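1. below: sequence and its predicted model.
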Amino acid sequence: MGLILSLDSAGNPHKWIDWETAIVYHAKGLVAWSYGENQVTYNGGVQRISGERSSITTSSIIAVKGETSKRFKAPALSNRALFRRDLNLCGFCGNQFSHDKLTRDHIMPKSRGGADSWMNTIAACKSCNHKKGARTPEEAGMKLLFVPYTPSRNEHLLLMNRNVLFDQMQFLLATIPEKSRAHEYAKLHLAKVADQ
């Protein structure tokens, strides 16, 4: 199993954790409840007297007692998350590219005071980014094909894990508005997994 989706005590997605951390939560009695079709059992040592092997089973989604999600602040902007938010599409020509063929374009150029933020950046192919240069899209005669936005916490969790399990994806998508591009990202991710 890949990463475990950790929820806060109210059931809100909190963060991705590795299975070792999930096992520690289970061992300390901190798992309030678990959810998901995917379960994995991890075996511990053998008890000297009884000869029995200890084991702990964890699900792909666990709620941790005492964890509370802090007030949402915008997730850190990274090229990986930006390109996934934009479905690896160039925001100008609309073609799809691999990550190494995309760049982070600042709608209002940084050289002119534009912020390096979710709301001022889109994925752009190198050719379109070069063509736009240090101009706004309007000045360059280029049209933005979609509007930038700041992903929600749950959307960002979905975008940042390459190996999201189906039950984890369903859980996260249930909390993300239907109009979000995350739903399209999920379809593409599931299609890619099905092809493997």
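-> That came through fine. Computed from a predicted structure; not experimentally measured.

2. contact partners for residue 120?
-> Going by CB atoms under 8 Å, 6 or more residues apart in numbering, residue 120 touches 106, 107, 108, 114, 148. C-beta here means a position set from N, CA and C on the backbone, and glycine is covered the same way.

3. could you check how far the last one is from residue 117?
-> So the one you mean is residue 148. Distance, residue 148 to residue 117, using CB to CB, to the nearest Å: 9 Å.

4. looking at these two, which one has more neighbours?
-> Counted by other CB atoms under 10 Å, residue 148 and residue 117 do not tie: residue 148 has more neighbours, with 18 against 13.

5. chain center to stretch 184-195, what's the gap?
-> Using CA atoms, centre = their mean, to the nearest Å, the mean C-alpha position of stretch 184-195 is found 14 Å from that of the whole chain.

6. give me the contact list for it.
-> Residues from elsewhere that reach stretch 184-195, judged by CB under 8 Å, 6+ apart: 84, 85, 87, 158, 159, 164, 166, 169, 173.

7. what do you get if the cut-off is 7 Å, keeping everything else the same?
-> When contacts are defined by CB atoms under 7 Å, 6 or more residues apart in numbering, stretch 184-195 is touched by residues 84, 87, 158, 159, 164, 169, 173.

8. list the contacts of the closest residue to the first one other than its chain neighbours.
-> This means residue 84. Spatial nearest neighbour of residue 84, chain neighbours left out: residue 159 (4.4 Å); criterion: CB to CB, 6 or more residues apart in numbering. When contacts are counted by CB under 7 Å, 6+ apart, residue 159 touches 81, 84, 85, 151, 182, 185.

9. mind listing residues that contact the helix or strand harbouring residue 22?
-> Using DSSP states H and E, residue 22 maps to helix 19-27. For helix 19-27, contacts defined as CB under 7 Å, 6+ apart pick out 1, 4, 31, 40, 42, 56, 58, 62, 64.

10. buried subset of those residues?
-> Neighbour-count burial (16 or more other CB atoms under 10 Å) applied to the contacts of helix 19-27 gives 1, 4, 31, 56, 58, 62, 64.

11. just those residues now: which is nearest residue 141?
-> residue 4 (48.4 Å; CB to CB).

12. just grab the bridge partners of that closest one for me.
-> Taking DSSP bridges as the rule, residue 4 bridges to residue 17.

13. how many neighbours does residue 49 have?
-> When neighbours are counted by other CB under 10 Å, residue 49 comes out with 5.

14. give me the element it is part of.
-> With DSSP H and E as the criterion, the answer for residue 49 is that it lies in no helix or strand.

15. for residue 128, same thing?
-> With DSSP H and E as criterion, residue 128 is part of helix 126-132.

16. outline the domain layout of this structure.
-> According to automatic domain parsing, the chain comprises the domains 4-64, 79-140.

17. quick one: residues in contact with stretch 32-51.
-> With CB under 7 Å, 6+ apart as the contact definition, stretch 32-51 has outside contacts at 1, 9, 19, 23, 53-65, 165, 167-168, 171.
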